[in-house]
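Novice: The following comprises the amino acid sequence and a computationally predicted model.
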Amino acid sequence: MDERETGPDQDEVGGPDLQAPPGEEGKPEISEYSQKGYLYLKENRIAEGEECFRRILELEPENNYALVGLGDAARKRGDFVRAASHYQKCLDLHPDNNYALFGLADSLKSRNQYGKAIEIWERYLVQDEKNVTVLTRVADSYRKLRNFSRSRDLYQQVLALERDNPYALVGLGHLYYDFKEYEKALSYWERMMENRDGDVDIRILTSIGNCHRKLKTFQKGLAVFSRALELDPVNFYALFGMADCCRGLNRHRESLEYWNRILRLDPENKVILTRAGDACRALGDFAEAEAFYRRALNIEFDAFAILGLALINKQQGKYSEALRSLESLLKSDPRNPRIYGDIADCHLRLGRKDLALQVLAEFHRQGLRSAYASELYERLRGGH
């Protein structure tokens with residue numbers, strides 16, 4: 001996703017939760033409550049599960065199964081602070097309890113405390129160094145901390161244990177995508193798809209599509225996103241991907257259809273409103289483009305909407321009006337290379353070559369990159 005894209009996080013990966021232990025042999029009442037408690041949790045009957053674990057603690061206040069069970073229940077509720085408290089209490093009494101270690105680490109990860117989670121998981125790995133579930137969790141956390149080499153090495157360690165482990169393949173895809181190595185990311189996600197025996201994960205499909213967007217292989221991207229829409233006709237990422245690939249192929253009318261499909265689901269999405277405005281502007285429908293940009297600005301300030309309105313003025317020959325907006329944008333975003341070229345072009349069209357050169361000289365001085373601005377600068381310096 002680039003800076004103009006929005007949507008829910010689709011990047012959550014990791015191994016399945018470890019199964020909680022059965023009740024203790026030799027203590028029938030505790031064993032019964034323990035087994036019932038975990039069965040209730042499995043059925044998502046959390047309150048009933050918690051009641052079983054509390055009854056165990058009435059009989060045996062330091063029972064590790066009950067403390068872990070309460071942690072698991074809190075984790076299922078999404079109360080990661082309370083979950084961590086239960087797991088930590090268990091570890092204070094039973095320092096090597098691997099279920100408590102796993103639960104505590106996972107609770108910390110869920111609160112974005114990746115460094116602390118890694119410390120706990122590495123305590124777990126001392127006991128079980130080949131546990132692929134934990135290894136992928138640690139690799140995921142290093143990825144979140146942007147430690148490329150450590151994350152990659154751990155994912156590869158998992159693949160050495162399980163050649164096509166799906167969590168490691170997904171994680172490596174995200175890792176290489178995060179570091180803009182899109183072809184590598186694509187290879188791991190496609191390998192993941194090959195091993196699913198026809199069971200298609202729409203998140204992987206849209207991730208593959210996003211690689212094609214980044215690589216500008218838009219026609220291939222369209223095929224992937226189209227397949228995703230067959231599975232889920234209202235999937236944000238699939239609709240966005242279709243629209244953006246159409247835009248990349250200059251099929252602006254088709255891209256507008258997909259932007260509008262998103263807006264029917266999310267009419268206040270200003271990112272999509274500005275994209276729809278861009279499509280209308282490319283089609284020469286300036287009135288409709290302006291309406292989209294104004295709708296975006298009615299939600300909150302948006303630099304892309306301001307830029308779009310300025311470009312409409314420029315395309316209509318209103319160069320002075322366009323300049324006012326562009327120069328205002330440049331003050332708030334002085335390192336945006338696109339703006340320099342448009343400002344210089346407006347000055348040229350108003351017969352002010354010296355001012356155009358000043359703007360482009362500043363662009364050059366800052367070491368910014370824009371093929372159009374650089375070409376225009378060299379051309380003006382050469383007197384053409």
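Specialist: Arrived safely, thanks for sending.
Novice: can you count the residues close to the nearest residue to Q127 once chain neighbours are set aside?
Specialist: In this structure, Q127 finds its nearest non-sequential neighbour in N98, 5.7 Å apart by CB to CB, 6 or more residues apart in numbering. Where C-beta positions appear, they are placed from N, C-alpha and C, glycine not excepted. N98 is flanked by 19 other residues according to other CB atoms under 10 Å.
Novice: Would you check that my belief about N98 contacting D128 is correct?
Specialist: Yes. Between N98 and D128 there is a contact under CB atoms under 8 Å: 6.7 Å.
Novice: Please enumerate the helices of the stretch 51-200 of the chain.
Specialist: Here the stretch 51-200 of the chain has its helices, by DSSP state H, counting those that start in this stretch, at 64-77, 80-93, 98-110, 114-127, 132-144, 148-161, 166-178, 182-194.
Novice: Next, the angle from the fifth one to helix 148-161.
Specialist: Interaxial angle, helix 132-144 versus helix 148-161 (axes from the mean of the first three to the mean of the last three CA atoms, to 10 degrees): 160 degrees.
Novice: And the third one, by the same measure?
Specialist: In this structure, helix 98-110 runs at an angle of 140 degrees to helix 148-161, with the same axes, to 10 degrees as the basis.
Novice: Would you mark the buried spots in helix 98-110?
Specialist: Judged by neighbour count (16 or more other CB atoms under 10 Å), helix 98-110 contains these buried residues: 98-110.
Novice: So which elements touch that helix?
Specialist: helix 64-77, helix 80-93, helix 114-127, helix 132-144 (3 or more CB pairs under 8 Å, 6 or more residues apart in numbering; DSSP states H and E).
Novice: can you check the fifth one too?
Specialist: Taking 3+ CB pairs under 8 Å, 6+ apart as contact, the helices and strands that helix 132-144 lies on are helix 98-110, helix 114-127, helix 148-161, helix 166-178.
Novice: Identify all contacting residues around the first one.
Specialist: In this structure, residues lying in contact with helix 98-110 by CB atoms under 8 Å, 6 or more residues apart in numbering are 17-18, 20-21, 64, 67-68, 71-72, 75, 80-81, 83-84, 86-88, 90-91, 94, 114, 116-118, 120-121, 123-124, 127-128, 134, 137, 140-141.
Novice: now the last one
Specialist: Applying CB under 8 Å, 6+ apart, the contact partners of helix 166-178 are 11, 13-15, 132-133, 136, 139-140, 143, 146, 148, 151-152, 155-156, 158-159, 162, 182, 184-186, 188-189, 191-192, 195-196, 204, 207, 210-211.
Novice: now those: which count as buried?
Specialist: Buried by 16+ other CB under 10 Å: 11, 13-15, 132-133, 136, 139-140, 143, 151-152, 155, 158-159, 182, 184-186, 188-189, 192, 204, 207, 210-211, out of the contacts of helix 166-178.
Novice: Give me the pLDDT for D201.
Specialist: For D201, the model assigns a pLDDT of 89.
Novice: That one and D106: what is the separation?
Specialist: D201 is 22 Å from D106, where distance means CB to CB, to the nearest Å.
Novice: likewise N235?
Specialist: From N235 to D106 the distance is 28 Å (CB to CB).
Novice: Where do the domain boundaries of this protein fall?
Specialist: According to automatic domain parsing, the chain comprises the domains 25-127, 130-199, 216-266, 267-306, 317-384.
Novice: where's the third one relative to the chain centroid, distance-wise?
Specialist: Taking CA atoms, centre = their mean, to the nearest Å, one finds the center of domain 216-266 at 18 Å from the center of the full chain.
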